[in-house]
Every structure is written in structure tokens, then in C-alpha cells.
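A.B. asks: Okay, sequence plus prediction incoming.
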Amino acid sequence: MLAKRLVLTLFLALMPAFLLGAEAERSAVLLDIKGPIGPPTSDYVHRGLEDARDMGAAVVILRMDTPGGLDTSMREIVQDILASPVPVITYVAPSGARAASAGTYILYASHVAAMAPGTNLGAATPVQIGGAPEPSRPPERPRKPDEGENGEAENGEADEEKGAEEAPPRPHPTMAEKAVSDAVAYIRSLAELHGRNAEWAEKAVREAASLSAQEALKAGVVDLVAGDLDELLQKADGRTVTVLNEERRLSTAGLTVVEIEPDWRTKLLAVITNPNIAYIMLMLGMYGLILEFSNPGAVVPGVVGAILLLLGLYALQLLPVNYAGLALILLGVAFMVAEAFVPAFGILGIGGVIAFIIGSVILLDTDVPGYRIYLPVIIAVAATSGVFFMVVIGMAIKARQRPVVSGPEELIGSYGQVAEWAGREGRVRVHSETWGASATRPLEPGSRIRVAGRDGLILIVEPADE
């Protein structure tokens, strides 16, 4: 009797866990990728795939609408998809969405590639600063007068000198050509991994070709076209996919869709890795430390500046930074600060503003949409910095023109009265204090004097009327 009660108690205790496990196995985890692909996106996908694995989900759906993004973040997402024990369905949706550039690679890497009607993909050519230049071509050999358009002699005889001539040397590949070749090899390997159209994938990289959803389905680029999530799960049901080198049959019909929202870390990362936010944090951090060093003990500018500077540097570490641009920004700030302390008549300040603007323009070494510092932001920060340092310079000039009001130098130019005098030396009263004094000629007691200089504790005075 006791044994039956123990078994019943254990069964009731474990029943919620069994039900939860069954529920998780019958669920599809939904992750939304919307906007440019960057560090926050790769972090979100990485955590989402881990959560799906821990839940024991049947599939993961990446609902995607992106104009492209950073190459490093895209490759991190592709690696996470290929290493995931849970099959991944990438779904370009809703209607009007696109999987351009980096999105095309992610689509090719997924176990099932799907699109909604009215969507498109492609234009996967690597984007560099200012756009990828056209690949260089070897120069053409000039045609001889007696040659036709095909390069043969018009009388039908081969040019005897043609064989003797050496072909022009092939030019060395440019960085753009290397980037395109690497991208072609990468996307072809992803296409071959899942049996998709590798020829069109290469065309999407080399020629920036694009396809609509129906055209992609006909060309074997995607596996299916579905109008919504329910239709997607119905059409994906029964498909055989390869997950971690093992074939697996999908059972997706009737799955419950569980959406995973980005957590606070991903949201924070999305804020600070915005190039414009990172740029402003970097500037505010440097100015905070400058104020703290010029006014020791203020504390608040130093603490806030250090935090913002570290956050800005962390964000830049995740972004494709041109370090020459960063060096120009630091040099420009240094020149503007130096202008406040060195009488350079504005030369350092103007040079600093110019270096600052040029460095800001070339700071990010990419032309990917969403990962550029907007020109109005650069102009606003540069103008604010210039005005700030001009105000500082003006205050410094006014401070230098003001008379000294404290310290030993304050006595110079002050007026007093002779207390007693003998020959060229005597005692005078200045600011209610009695000082030893000397002069170039005898003075009368009670006469008014002016302090012309100081030699230690002896004041050098002269008659006030002079």
C-alpha cells in the first residue's frame, strides 16, 4: 500500500515536467530579424537558438526582413545555424519584405528556405566603403589594320606574329576582387550543403542579381512559398533535412508558435552599437574626462565620462572601425584642447575641427545601410565642439586680461603711503600692511606711492604722480 502511494506521488510530481517536455517538443520557436544585421542581431539569434535547444523545440523559424548588414555578424549567424541541433527555417516575411545581401547568405544556410508572396532576395555583392569598385580587366590588345573583328587576318591567314607575341600579364587582384571571390566560394558552399541553386547564388554575388519569391522557387533557390506561419508549417511538414550530418524528417504540422523577444542585453547592445549613439558616447566620454582633468575633484564629469567612453569604445570594437579615422578624431580633440592653453591664434582650433570632421566621416569602414554615421550628426557634434572650445578660448583670453586679485603679483600696481624714509630705503603701508621698500630717489613721509615691482620682501616703489 505504501509503495503504491509513493509511485502515485512520484507520478503526480513528474507529470508537469512530462507535459512541459511534450509541449516544448510540439512547439516552433519564432525569432524576428528585422532591419540591418549587426552585433545585436547575431547575439539575439545565438541566444534564441540556445533557448530553443534547451526547450527541446521542434524547429526554429527566423522571420526575416533585412536590407543586409555586417559580414562578421552574418557569418556568426550562419555558424550558429549550421551548429544548431534544432532545424532552422528562414522565412522572408511579411509581404514586401526582403532578404538582401547578408540575408541571402542566411537563407542559403538554413535547413529550409521559405518566402512569402511579394518578397525578394539577392543583391549579395560585398559592400565596401564607397561601394565595391568594378573588377579590373586586362587591357585589350589593339587590333591591327588587316585584322577582322575576330582578331584574324582578313585574307583568312593567321597572323604569323600572333604566336610570337606574349599575352599581357594578368593584373594583380584588387581587394574588391578578393572579397567577391571569397563571398562566391562561401555562398556556393552553403548552396551545395543544402542542395540549392549554386549557379544563381554566384550570380547574386557577382552581378547583384535578385529574384522574387515565385522566381526563387522555380530556380531552386528556396524550398517553398507560404503566405503565413500556419501555411509555412503545413508545407514544411514531412520534408527531410540534414541537421549536423544526420537526416531528419520534419513534423511541423500543428506546431504551437512560441515567439522569443530580445532580452535587455540584446536591446542594450542594439542601442550602443548604433554608430551614431556610439559616436556621441565617445565624444561625451572624452569631454567628460577633459573637464575632470581641468577641474580635479568635480567627480561627476569624470565618472560619467569614463563610463560613456568605455561604452563607446566597446561599441566601436564590435563595429568595422577605420582606425585612421579614430586617430584623426583624437588628434582633432587634442588640437582643440591645446588651443585653449597655447596662444596659436586659432590655428590649432581650426586644424582640430578639420581633423575631427574628416576622422568622423571615415570612422566606420563600411557602407552597409544602418551602419553609417549620419552627416548631420557629424556636423552638429563638430559645431558644438568648435563653439565649446571657442567659448573656452574667449574666457581664457578675458581671464588673462583681468588684473591679478590675489597672490604676491597682486601688489604690483597697488598704491600706498610712505610711513618713514631715509635715503633710498624706508617703510611703506600698502593694503593696511607695512612693507620694507626702496626707490631710485628719496621720498617724503606721508607721500603717496605706487608699487612698481618686488624683490623678495622688499617692494620697489615710485611716486604715485609718476
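C.D. replies: Nice, I can see it. Quick caveat: nothing in here was measured; it's all calculated off a predicted structure. Residues are numbered from 1 along each chain as shown.
A.B. asks: tell me which element E192 is part of?
C.D. replies: Per DSSP states H and E, E192 falls inside helix 175-193.
A.B. asks: Return that helix as PDB; C-alpha atoms alone will do.
C.D. replies: In PDB, the C-alpha atoms belonging to helix 175-193 read as follows (Å, rounded to 0.1, in the frame of the first residue of the first chain):
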ATOM      1  CA  MET A 175      40.900  43.900 -52.600                       C
ATOM      2  CA  ALA A 176      37.400  44.100 -54.100                       C
ATOM      3  CA  GLU A 177      38.000  41.100 -56.400                       C
ATOM      4  CA  LYS A 178      39.300  39.100 -53.400                       C
ATOM      5  CA  ALA A 179      36.200  40.000 -51.400                       C
ATOM      6  CA  VAL A 180      33.900  38.900 -54.200                       C
ATOM      7  CA  SER A 181      35.800  35.700 -54.800                       C
ATOM      8  CA  ASP A 182      35.600  34.800 -51.100                       C
ATOM      9  CA  ALA A 183      31.900  35.600 -51.000                       C
ATOM     10  CA  VAL A 184      31.300  33.500 -54.000                       C
ATOM     11  CA  ALA A 185      33.100  30.500 -52.500                       C
ATOM     12  CA  TYR A 186      31.200  31.000 -49.300                       C
ATOM     13  CA  ILE A 187      27.700  31.100 -50.700                       C
ATOM     14  CA  ARG A 188      28.400  28.300 -53.100                       C
ATOM     15  CA  SER A 189      29.400  26.100 -50.200                       C
ATOM     16  CA  LEU A 190      26.200  26.900 -48.400                       C
ATOM     17  CA  ALA A 191      24.200  26.200 -51.500                       C
ATOM     18  CA  GLU A 192      25.900  22.800 -52.000                       C
ATOM     19  CA  LEU A 193      25.300  21.900 -48.400                       C
END
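A.B. asks: what helices or strands is it leaning on?
C.D. replies: Judged by 3 or more CB pairs under 8 Å, 6 or more residues apart in numbering; DSSP states H and E, the packing partners of helix 175-193 are helix 102-109, helix 198-206. (C-beta placed from N, C-alpha, C; glycine too.)
A.B. asks: Tell me the buried residues in that helix?
C.D. replies: Judged by neighbour count (16 or more other CB atoms under 10 Å), helix 175-193 contains these buried residues: A176, E177, A179, V180, A183, V184, Y186, I187, R188, L190, A191.
A.B. asks: Make a markdown table from these and add distance to A28 to it.
C.D. replies: Putting the buried residues of helix 175-193 into a markdown table (distance: CB to CB, whole Å) gives the following:
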| residue | distance to A28 |
| --- | --- |
| A176 | 41 |
| E177 | 42 |
| A179 | 36 |
| V180 | 36 |
| A183 | 31 |
| V184 | 33 |
| Y186 | 28 |
| I187 | 27 |
| R188 | 30 |
| L190 | 23 |
| A191 | 25 |
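A.B. asks: Among those, show me the least confident.
C.D. replies: Minimum pLDDT for the buried residues of helix 175-193 is recorded at A176 (75).
A.B. asks: Any regions of the stretch 301-450 of the chain where pLDDT drops low?
C.D. replies: For the stretch 301-450 of the chain, the stretches with pLDDT under 70 are 340, 343-346, 365-369, 392-409.
A.B. asks: list the buried ones in the one helix or strand M74 maps to?
C.D. replies: Following DSSP H and E, one finds M74 within helix 71-83. Going by neighbour count (16+ other CB under 10 Å), the buried part of helix 71-83 is D71, S73, M74, R75, E76, I77, V78, D80, I81.
A.B. asks: pLDDT averaged over that helix - what is it?
C.D. replies: Taken as a whole, helix 71-83 carries a mean pLDDT of 94.
A.B. asks: List of residues touching that helix?
C.D. replies: If you take CB atoms under 8 Å, 6 or more residues apart in numbering as the criterion, helix 71-83 is touched by 37-39, 41-42, 45-46, 49, 88, 102, 105-106, 109-111, 126, 190, 193, 244, 320.
A.B. asks: and the angle from that helix to helix 175-193?
C.D. replies: Counting by axes from the mean of the first three to the mean of the last three CA atoms, to 10 degrees, helix 71-83 lies at 10 degrees to helix 175-193.
A.B. asks: Helix 71-83 vs helix 102-109, what angle?
C.D. replies: 20 degrees.
A.B. asks: Tell me the first helix or strand C-terminal of helix 71-83.
C.D. replies: strand 88-92.
A.B. asks: spatially speaking, which residue is in the middle of the chain?
C.D. replies: Nearest to the geometric centre of the chain sits L319, at 3.6 Å (CA atoms, centre = their mean).
A.B. asks: from memory that one sits against A278, does it?
C.D. replies: Yes. Assessed by CB atoms under 8 Å, L319 is found in contact with A278 at 6.9 Å.
A.B. asks: residues contacting A226?
C.D. replies: Contacts of A226 by CB under 8 Å, 6+ apart are Y91, A114, M115, A116, L232, Q234, K235.
A.B. asks: if you compare the helices and strands packed on helix 175-193, which one is most tucked away?
C.D. replies: Looking across the helices and strands packed on helix 175-193 with neighbours counted as mean count of other CB atoms under 10 Å, the highest average goes to helix 102-109: a mean of 28.
A.B. asks: List the contacts of that one.
C.D. replies: By CB under 8 Å, 6+ apart, helix 102-109 touches 33, 37, 62, 64, 66-71, 73-74, 77-78, 81-82, 90, 92, 99, 113, 121-124, 186-187, 190-191, 193-194, 196, 201, 204, 222.
A.B. asks: Counting neighbours, what do you get for A270?
C.D. replies: By the criterion of other CB atoms under 10 Å, A270 has 18 neighbours.
A.B. asks: which element is A452 on?
C.D. replies: Under the criterion of DSSP H and E, A452 resides in strand 448-455.
A.B. asks: List the strands paired with that strand, with their directions.
C.D. replies: Sheet pairing of strand 448-455 (DSSP bridges) gives strand 415-422 (antiparallel), strand 458-463 (antiparallel).
A.B. asks: Format these as a markdown table; extra columns: distance to E215 and mean neighbour count.
C.D. replies: Formatted as a markdown table, those follow (distance: least, CB to CB, whole Å; neighbours: other CB atoms under 10 Å):
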| stretch | distance to E215 | mean neighbour count |
| --- | --- | --- |
| strand 415-422 | 96 | 16 |
| strand 458-463 | 97 | 18 |
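A.B. asks: Pipe those strands into CSV and attach distance to P296 per row.
C.D. replies: What follows is the strands paired with strand 448-455, written out as CSV (distance: least, CB to CB, whole Å):
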stretch, distance to P296
strand 415-422, 37
strand 458-463, 34
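A.B. asks: Also compute the angle for the helix holding E192 relative to helix 198-206, please.
C.D. replies: Using the same axes, to 10 degrees: helix 175-193 against helix 198-206 is 150 degrees.
A.B. asks: closest to E410 out of the helices and strands packed on helix 175-193?
C.D. replies: helix 102-109 (68.1 Å; CB to CB).
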